[in-house]
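J.: Below are the sequence and a predicted model for it; my questions follow.
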Amino acid sequence: MAHLLRSILYPSEGHPHHLTTPPKAASFSASNHGRPRRSEDAPASTGDGGPVLQGFRAHYSNPKVIFTQDPEVEEPAASIVADSILGGFDLNQQLTGDNCDIDSTVNGNAAFVPGPESAAFVSGLESAASGNAAEEAADEISSQPVVPYVGMVFDDLEETYKVNNDYAYKTGFGIRIGNTKYSTSRNVPKDTILNRVFECVHTGKNAAATQGTRNRKDDAAKVLDSTVDMSSFTAEKLAKDKGMQMDLSDTRQRNRLLRYDCKAHMHVGKRNVAWIVIVFTEEHTHPMVKQLGRRNYYRSHRKVPEEDFQLLQTLHNQNITTAQIMGCIGNVRGGDLRTLGYVKRDVSNIRTMLRDDVLLRDMSLTIEYFEKRKAESPSFFYATQLDENNVVRALFWVDGRTRSLYPKYKDCVFFDTIFCTNRYNMPFAPIVGINNHTHTIVLGYALLPDETFETFKWVFDRWMMAMNQVTPDHIMTDQDQQIGTTISKVFPDSIHRCCFYHVVNLARRKLGPKLVDGHPFADAFYSCIYGTDSAEQFEYCWKHMLQVHSMSENKHLQNMWDSRKKWAPVYFRHRFFPFTSTTGRSEGLNSYFKKLVRPSESVWNFVQQYELCQNLMLDREDNAGFTMETTGRHLWGSWNIEAQSQKFYTPEVFERFQKMISISTRFHPIHVEAEILSFDLVPNIGLDSKTYQVEVVAADSLYSCGCHSFEMCGLLCPHIIRVMVHLNVQEIPSRYLLHCWSAAATTTPPDPGANTIRFGVPTTNTLKYNTLCRKMNNLASDACYAEDTYAIVSSMVDEASKVVANMRRARNGLQ
């Protein structure tokens, strides 16, 4: 690098760039479209030293840069080289052809741009236009380009490209790789480069005379008979009636660089271990781009730095839109997107590259991830379904912590398959439940190829394998015949209920105006569903409704009647489906995943979002546990049963119980003479007129109510609470305090695959990695401010790396 700086700043005597004998300035202006005038002692040359006859086309010659610093002072040279080295994610690796599309086509008059042909650099800038041109001229003064010349030496080919590209950027044009010559010798590798040509992107000639942008294939539709008026005919009719040939293969508008047959280029060749400039032609036949902000749109000047690429990859994995990614990176880099050095299209192309890379090994990455999770935690379970070609068709997985907690939350689960989440159109089928904080928890994940009996049976069988054949007590699904048939075969002892919302919503679509509010049939329909307390009442009202409204022959109503025991609320008065009659929890989880995963994403990306979802659920559960341990709820009254429930329930469930206590004050009990102790709960004056009956067996502490709220939700209803207060009951019997709502239900059980618990040590490799990263980042931030602390920490890290490597080798040797 040192000899490169010396060759740039202090050429040998006799060299055209020697500082002691600067050439005379050449005069040139934007209005002069003729051949630029050269100094008297500067004959035209081709770059190899020989004179050449100038043609008659317009040349845009760049004035030569004169370095006026003292040759003994080497300090300013550092900034020149630093500006010329542009590292990062190269967007030009595949752009060696002639068709280099850009976001906008450069048009305009010739501009005065500093270059290697003028000694009047400062005076030329003083004559530049005002406004943005003046600001950019100031930028050019403060950062002069390194001007290549014949005989210039570089250490490697990459440095050659960087210096030339930096010169092109500060001058106002873009470059590309023209020709590359490889070695044909048998003694060297085939990809050994001997010489390479870097040329201006405006090299070559246009295929046809065009103005502005053009389509890749001229026009979207080429009609051979131009005399026909197409305004009143469709393209199909014209092609049929007139026999015209039409090209509709590509209607996309594309921007194409204009070709000016520019001959500006730099030819470098390898000599021993260095690269030398053989030919350098600097004259351009097109105007330069004046504004710095617009020069970034040349492909050769668009690069994504490595640190931006890492941030981009992180944001891409979170499925953030490209515009939002550009905004985030712009804010990190100072708030101005134009200073990034790349554009939105580049980010989109990189994201496409990342997706394509995953697409080629989508399932293999997913299986590797599952194997890694299983190695970290033996209780992690996953299963795959393969077809006859050994291709993965379906996936099911569940983590070890969920398997340990499942026996506490098996009372009620939900299963739904309404969301397709990936490019393979595989339905996402989560199995969810409710924890003691009334939060949704995932009891299993499945990605399915279809929704058939065989597929559902495979999922439920694998789920039972993971849960040690412990079947759920109650399960709710949507109204799908295949799911219902599968549940009856796999879970014959479980109570199956269809989602009430789906049933009613389907009835509204099938019956149409008859279920509009205010219609007589709608009033009878909803009264039959919501206003009956027993199966006998419901069946009588349903038959009466069909008879009165002459709907007995309606096919959909007949189907509803046949399946009434799967959806009607009166048939589930004694069944545990807490706080819901729909599969809203599954749909809520599906809605959450829709925000994280787009339909075009891969299965691997979905699995990563599953990990995020699990972490967020655990974080919410930990937050609820912290609130439960460190805060307290105010008592609504002074009853002992309320204080007892406060200590037993989680805050979320206790809040619901307090509402029950509040509602209980609306009723007053009236003793009813009967064989057992009974009370009629009559509402206070002005409130609901419905009366509830509560029966009590005092000797056994048994209470039952006609609303059956405890059987459905696991919480005492307001009517029983009012009777307890009336009878001066001081303590709620233990049978009415369900363990699934208790604060102790989420006490984390030990990992079934671990023999001992090591406090303070993360349980998975991911957690260990994150913990070490935080510690090392804090250490690095403290040690980087002084050379002595940096040296100590660096040596300690090196020693630690050796120790870890020895420990890994020893462990692998034992295995």
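T.: Now that the structure is in, tell me what you want to look at.
J.: For the rest of this, base every contact and every neighbour count on C-alpha atoms.
T.: Fine.
J.: Let me know the secondary structure of the residue nearest to residue 316 when sequence neighbours are not counted.
T.: Counting by Cα to Cα, 6 or more residues apart in numbering, residue 351 is the residue found nearest to residue 316 once chain neighbours are left out, at 6.9 Å. Using DSSP: H, G, I helix; E, B strand; the rest coil, the structure places residue 351 in helix.
J.: from what I can see residue 351 touches residue 317, true?
T.: No: counting by Cα atoms under 8 Å, residue 351 stays clear of residue 317, with 9.5 Å between them.
J.: Quick check: beta-bridge partners of residue 495?
T.: residue 474 (DSSP bridges).
J.: neighbours around it, how many?
T.: 18 (other Cα atoms under 10 Å).
J.: got a pLDDT number for it?
T.: For residue 495, the pLDDT comes out at 94.
J.: quick one: it and residue 566, what's the gap?
T.: Shown here: residue 495 relative to residue 566, a distance of 9 Å by Cα to Cα, to the nearest Å.
J.: ok, now residue 705?
T.: 23 Å.
J.: does the residue nearest to the spatial centre of the chain sit in a helix, a strand or a coil?
T.: For the chain, the residue nearest the mean C-alpha position is residue 319 (1.1 Å; Cα atoms, centre = their mean). Of the three states, residue 319 takes coil under three-state DSSP.
J.: and the gap between it and residue 335?
T.: Residue 319 is 22 Å from residue 335, by Cα to Cα.
J.: now residue 275
T.: Taking Cα to Cα, one finds residue 275 at 40 Å from residue 335.
J.: When these two are compared, which one has more neighbours?
T.: Set residue 275 next to residue 335 and count neighbours by other Cα under 10 Å: residue 275 wins out with 22 against 13.
J.: For my notes, confirm the more buried one occurs in a strand.
T.: Yes: under three-state DSSP, residue 275 sits within a strand.
J.: isn't it right up against residue 156?
T.: Yes: counting by Cα under 8 Å, residue 275 touches residue 156, with 6.2 Å between them.
J.: From residue 303, how far off is residue 346?
T.: Residue 346 is 8 Å from residue 303, by Cα to Cα.
J.: residue ranges with poor pLDDT in the protein?
T.: 1-143, 207-254, 418-424, 584-601, 686, 747-767, 813-815 (pLDDT under 70).
J.: Residue 683 contacts residue 663, correct?
T.: No: if you go by Cα under 8 Å, residue 683 and residue 663 don't touch, sitting 10.2 Å apart.
J.: Comparing those two, which shows the higher neighbour count?
T.: Between residue 683 and residue 663, counting by other Cα under 10 Å, residue 683 is the more crowded of the two (18 against 15).
J.: wait, doesn't residue 265 sit right on residue 198?
T.: Yes: if you go by Cα under 8 Å, residue 265 and residue 198 touch, sitting 5.5 Å apart.
J.: Would you indicate which residues of stretch 702-709 are buried?
T.: Within stretch 702-709, the residues scored as buried using 16 or more other Cα atoms under 10 Å are 703-705, 707-709.
J.: Now secondary structure too, for those residues, in a markdown table please.
T.: Below are these laid out as a markdown table (three-state DSSP):
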| residue | secondary structure |
| --- | --- |
| 703 | strand |
| 704 | strand |
| 705 | strand |
| 707 | coil |
| 708 | coil |
| 709 | helix |
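J.: Relative to residue 527, which of these is nearest.
T.: Comparing the buried residues of stretch 702-709 against residue 527 with Cα to Cα places residue 707 closest, at 16.7 Å.
J.: Name the residues linked to the residue nearest to the closest one when sequence neighbours are not counted by a beta bridge.
T.: Closest residue in space to residue 707, ignoring its immediate chain neighbours: residue 692 at 7.1 Å, by Cα to Cα, 6+ apart. Beta bridges link residue 692 to residue 681, judged by DSSP bridges.
J.: I'd like to know how far residue 692 sits from residue 533.
T.: Taking Cα to Cα, one finds residue 692 at 11 Å from residue 533.
J.: residues shared between the contacts of these two?
T.: residue 707 (Cα atoms under 8 Å, 6 or more residues apart in numbering).
J.: now what about the helix or strand harbouring residue 546, what contacts it?
T.: Using DSSP states H and E, residue 546 sits in helix 535-548. Helix 535-548 is contacted from outside by 521, 524-525, 528-529, 532, 551-552, 570-571, using Cα under 8 Å, 6+ apart.
J.: Kindly indicate which of those lies nearest residue 444.
T.: Using Cα to Cα, those come closest to residue 444 at residue 571, 28.0 Å.
J.: so how many other residues sit close to that closest one?
T.: Count around residue 571 with other Cα under 10 Å applied: 16.
J.: these two touch, right, it and residue 565?
T.: Yes: between residue 571 and residue 565 there is a contact under Cα under 8 Å: 6.0 Å.
J.: Tell me the spacing between the residue nearest to residue 316 and residue 357.
T.: 10 Å.
J.: between the two, which one's more packed in?
T.: Taking other Cα under 10 Å, residue 351 and residue 357 do not tie; residue 351 has more neighbours (17 against 11).
J.: For stretch 271-291, output the C-alpha coordinates as PDB.
T.: C-alpha atoms of stretch 271-291 as PDB (Å, rounded to 0.1, in the frame of the first residue of the first chain):
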ATOM      1  CA  ARG A 271       3.000  -8.500 -13.600                       C
ATOM      2  CA  ASN A 272       4.600 -10.900 -11.100                       C
ATOM      3  CA  VAL A 273       2.700 -10.300  -7.900                       C
ATOM      4  CA  ALA A 274       1.300  -6.800  -8.700                       C
ATOM      5  CA  TRP A 275      -1.200  -5.300 -11.100                       C
ATOM      6  CA  ILE A 276      -0.200  -2.500 -13.400                       C
ATOM      7  CA  VAL A 277      -2.400  -0.100 -15.500                       C
ATOM      8  CA  ILE A 278      -1.600  -0.900 -19.100                       C
ATOM      9  CA  VAL A 279      -4.100   1.400 -20.900                       C
ATOM     10  CA  PHE A 280      -6.100   4.300 -19.400                       C
ATOM     11  CA  THR A 281      -8.500   6.200 -21.700                       C
ATOM     12  CA  GLU A 282     -10.300   9.000 -19.800                       C
ATOM     13  CA  GLU A 283     -12.400  10.700 -22.500                       C
ATOM     14  CA  HIS A 284     -16.100  10.300 -22.300                       C
ATOM     15  CA  THR A 285     -18.700  10.900 -25.000                       C
ATOM     16  CA  HIS A 286     -21.600  11.600 -22.500                       C
ATOM     17  CA  PRO A 287     -22.300  14.200 -19.800                       C
ATOM     18  CA  MET A 288     -21.300  13.400 -16.200                       C
ATOM     19  CA  VAL A 289     -23.800  13.100 -13.400                       C
ATOM     20  CA  LYS A 290     -23.400  16.300 -11.400                       C
ATOM     21  CA  GLN A 291     -25.300  15.600  -8.100                       C
END
